[in-house]
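Below are the sequence and a predicted model for it; my questions follow.
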There are 2 protein chains.
Amino acid sequence: VSEKVVGVIGGMGPEATAYFYQRLITLTPARRDQDHLRVLIDSNAKIPDRTGSLLDGEGEKVLEAILASAQLLEDMGAELLAMPCNSAHYFYDDIIPRIHVPMIDMVEEVFARIEEEGLGQAGLLATTGTVKMGIYARAAGDIGLIEPSEEEQEKVHEAIYGIKASAGSGPGRARSQLLEVVEHLRERGAEGIILGCTELPLLLGPDKGISLPFFDSTEILAKATLREAYPRLREGPYS
Amino acid sequence: VSEKVVGVIGGMGPEATAYFYQRLITLTPARRDQDHLRVLIDSNAKIPDRTGSLLDGEGEKVLEAILASAQLLEDMGAELLAMPCNSAHYFYDDIIPRIHVPMIDMVEEVFARIEEEGLGQAGLLATTGTVKMGIYARAAGDIGLIEPSEEEQEKVHEAIYGIKASAGSGPGRARSQLLEVVEHLRERGAEGIILGCTELPLLLGPDKGISLPFFDSTEILAKATLREAYPRLREGPYS
């Protein structure tokens, strides 16, 4: 089995794409540059806002832009696609029949990790588009999905868009608001928290105060990408 | 003037490419995803080692790989190229006549910043390939370039390859070795330090102990890329 050239349908948002690629690099057991995967990234920040488009019934424009990006990456030689944006996964089933290489289903990967951990109920932190369009709910299977109240959902969405706006500056208030929501989700029975937006790990994550097991969709996508594209991973670490 | 699609000849190394893109995002005065540039990245980690190839007279293979990457990015729609690798800039003058869009000269940009600051002498931290092939020396003009001793150069090179090997883990010893070299360069008259390898800012940089003004080639390349690709930057900040 040989390595695959990875194509990244990116820019949704740019921060999340950069963080995803950073995670992919860090997770790769490389001793030199050439041990890393070849990765092609189309960070197309111009793709219309996902939540706005989905809630306004304008999703078709987002889908068209995603398909154009996928086509471009395939033309460049991508052999496996990854799309670090949860909201955009609304279109996953529409994308698959229109591409010619495999593409990782980030949402499915997240639930696979939750099942591995044996959790019965998980709380969801995601954009309003992801929540309202049921992107996680429709894939939850036997796992109970606990969503924030409408008022709390607005805070979560604002926190995420704060990351997009300020590129990480002044995240203190947004983080404490998110941690309050996490506590409420826990009180309502959540045994774990899905970071169901690829920008959330920039605010929440290891050592950032979450009191429950959490499932970082960006990290999970990076691990799944390596599993599918980097056969040396299965052969064990370098000797 | 409209925005340009940026193409990144990347993977030399992957860490430097991810960091370069991260800096580009952070420096962009964006309030939402769509305010960011579209960026196409070919992170081709498989390009042969630059120092090894240059010192062994095998540079042609590196040049061929760079030109293939540039061609791919142009075919995808890149309108401006950036290459976050100092050693690879050995080939800058060979690349220019064979591409059809502008490409930023990172080394020239670094010296422009040094001249702006009015420095007469600058110390160089870079890979052994960059130092021995004179990539900075040939572009120094009136600025006195102070290079580490041969023994110290080996330490600098090792520190850089340590970043490539460990993706940032255990950098303490490498950093203190580099800071020793910086002190010696200062004693020999350096008024500033060129971080002439795009991986060095991962070890050295703001708040990381350098006692002299320093010129971060990655950051400088990111700023030059924005200047050339993002006209809104010239129009001032958002109101």
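Structure received.

Name every strand pairing with the strand or helix carrying residue A:145 and say which way it goes.
Assessed by DSSP states H and E, residue A:145 sits inside strand A:144-146. Here strand A:144-146 is paired, per DSSP bridges, with strand A:121-125 (parallel).

Centre of the chain to the partner strand, how far?
Relative to its chain's centre, strand A:121-125 lies at 15 Å (Cα atoms, centre = their mean, to the nearest Å).

pLDDT of the helix or strand just after it, averaged?
Moving toward the C-terminus from strand A:121-125, the next helix or strand (DSSP H and E) is helix A:128-132. Averaging pLDDT along helix A:128-132 gives 96.

outside of helix A:128-132, which residues touch it?
Helix A:128-132 has contacts (Cβ atoms under 8 Å, 6 or more residues apart in numbering or on different chains) with A:50-55, A:86-87, A:89-90, A:124, A:136, A:147-148, A:153-154, A:156-157, A:196-197. Using the backbone N, CA and C atoms, a C-beta is placed for each residue, glycine as well.

swap the cut-off to 7 Å and go again
A:50-51, A:54-55, A:86-87, A:124, A:136, A:147, A:153, A:157, A:196-197 (Cβ atoms under 7 Å, 6 or more residues apart in numbering or on different chains).

Specify the next element, helix or strand, located C-terminal of the strand holding residue A:145.
helix A:150-166.

ok, residues contacting the strand holding residue A:145?
A:120-124, A:136-137, A:185, A:188-190.

same thing but 6 Å
A:121, A:123-124, A:136-137, A:185, A:188, A:190 (Cβ atoms under 6 Å, 6 or more residues apart in numbering or on different chains).

same check, this time on stretch A:62-78
The contact list for stretch A:62-78 (Cβ under 6 Å, 6+ apart) reads A:5, A:7, A:9, A:40, A:42, A:44, A:47-48, A:50, A:53, A:81, A:91, A:94, A:98-99, B:72, B:76.

Report the buried residues of it.
Buried residues in stretch A:62-78, counted by 16 or more other Cβ atoms under 10 Å in any protein chain shown: A:62-63, A:65-67, A:69-70, A:72-74, A:76, A:78.

List the ones among the residues you listed that fall in helices.
By the criterion of DSSP state H, membership of the buried residues of stretch A:62-78 in helices covers A:62-63, A:65-67, A:69-70, A:72-74, A:76.

Using CSV, please lay out those together with pLDDT.
Shown next, in CSV, are those (pLDDT from 0 to 100):
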residue, pLDDT
A:62, 96
A:63, 97
A:65, 97
A:66, 98
A:67, 98
A:69, 98
A:70, 98
A:72, 97
A:73, 98
A:74, 98
A:76, 95
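
Spatially, which two of the residues you listed are the most separated?
Pairwise distances across these peak at 21.3 Å for A:62 and A:76 (criterion: Cβ to Cβ).

one step back: spatially, which two of the buried residues of stretch A:62-78 are the most separated?
A:62 and A:76 (21.3 Å).

got a markdown table for the contacts of helix A:128-132, with neighbour count and pLDDT too?
Listed next are the contacts of helix A:128-132 as a markdown table, based on neighbours: other Cβ atoms under 10 Å in any protein chain shown; pLDDT from 0 to 100:
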| residue | neighbour count | pLDDT |
| --- | --- | --- |
| A:50 | 27 | 94 |
| A:51 | 20 | 92 |
| A:54 | 23 | 91 |
| A:55 | 14 | 92 |
| A:86 | 31 | 97 |
| A:87 | 27 | 96 |
| A:124 | 26 | 98 |
| A:136 | 23 | 98 |
| A:147 | 21 | 98 |
| A:153 | 19 | 97 |
| A:157 | 20 | 95 |
| A:196 | 28 | 97 |
| A:197 | 30 | 96 |
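
picking that back up, which one of the ones in helices among the buried residues of stretch A:62-78 sits closest to residue A:164?
Set against residue A:164, the nearest of these by Cβ to Cβ is residue A:62 (15.7 Å).

Leaving out sequence neighbours, find the closest residue to that closest one.
Among residues not flanking residue A:62 along the chain, residue A:53 sits closest, at 4.8 Å (Cβ to Cβ, 6 or more residues apart in numbering or on different chains).

From the rest of the structure, what touches the host helix or strand of that neighbour?
Following DSSP H and E, one finds residue A:53 within helix A:50-55. For helix A:50-55, the surrounding residues in contact (Cβ under 6 Å, 6+ apart) are A:59, A:62, A:87-88, A:127-129, A:133.

how far out from the middle of the chain is that helix?
The answer for helix A:50-55 is 17 Å, by Cα atoms, centre = their mean.

and if you look at stretch A:72-82?
Relative to its chain's centre, stretch A:72-82 lies at 19 Å (Cα atoms, centre = their mean).

Name the residues of chain A found near chain B, please.
Counting by Cβ under 6 Å from any Cβ of the partner chain, chain A comes close to chain B at A:13-15, A:18, A:21-22, A:25-26, A:31-34, A:36, A:38-46, A:72, A:76, A:164-165, A:167.

redo that, cut-off 7 Å
Within chain A, the positions adjacent to chain B are A:11-15, A:18, A:21-22, A:25-26, A:31-34, A:36-46, A:49, A:72, A:76, A:164-165, A:167 by Cβ under 7 Å from any Cβ of the partner chain.

Show me which of those residues are buried.
Buried, going by 16+ other Cβ under 10 Å: A:11-15, A:18, A:21-22, A:25-26, A:33-34, A:36-45, A:49, A:72, A:76, A:164-165, A:167, out of these.

What ranges does chain A have for its strands?
For chain A, the strands defined by DSSP state E cover A:6-10, A:39-43, A:80-82, A:121-125, A:144-146, A:192-195, A:214-216.

Now the fourth one: buried residues?
Read it as strand A:121-125. Neighbour counts over strand A:121-125 (16+ other Cβ under 10 Å) mark A:121-125 as buried.

got the contact list for that strand?
Here strand A:121-125 has contacts from A:114, A:131, A:136, A:143-147, A:156, A:178, A:181-182, A:185, A:189-197, A:200, using Cβ under 7 Å, 6+ apart.

Over to the second one?
Residues lying outside strand A:39-43 but in contact with it, judged by Cβ under 7 Å, 6+ apart, are A:5-11, A:14, A:17, A:21, A:24, A:69, A:72-73, A:76-78, B:38-43.

One more pass at 8 Å, please.
For strand A:39-43, using Cβ under 8 Å, 6+ apart, the contacting residues are A:5-11, A:14, A:17-18, A:21, A:24, A:69, A:72-73, A:76-78, B:11, B:14, B:21, B:36, B:38-43, B:45, B:76.

Over to the third one?
If you take Cβ under 8 Å, 6+ apart as the criterion, strand A:80-82 is touched by A:4-9, A:20, A:70, A:73-74, A:99, A:101-104, A:106, A:221, A:224-225, A:228-229.
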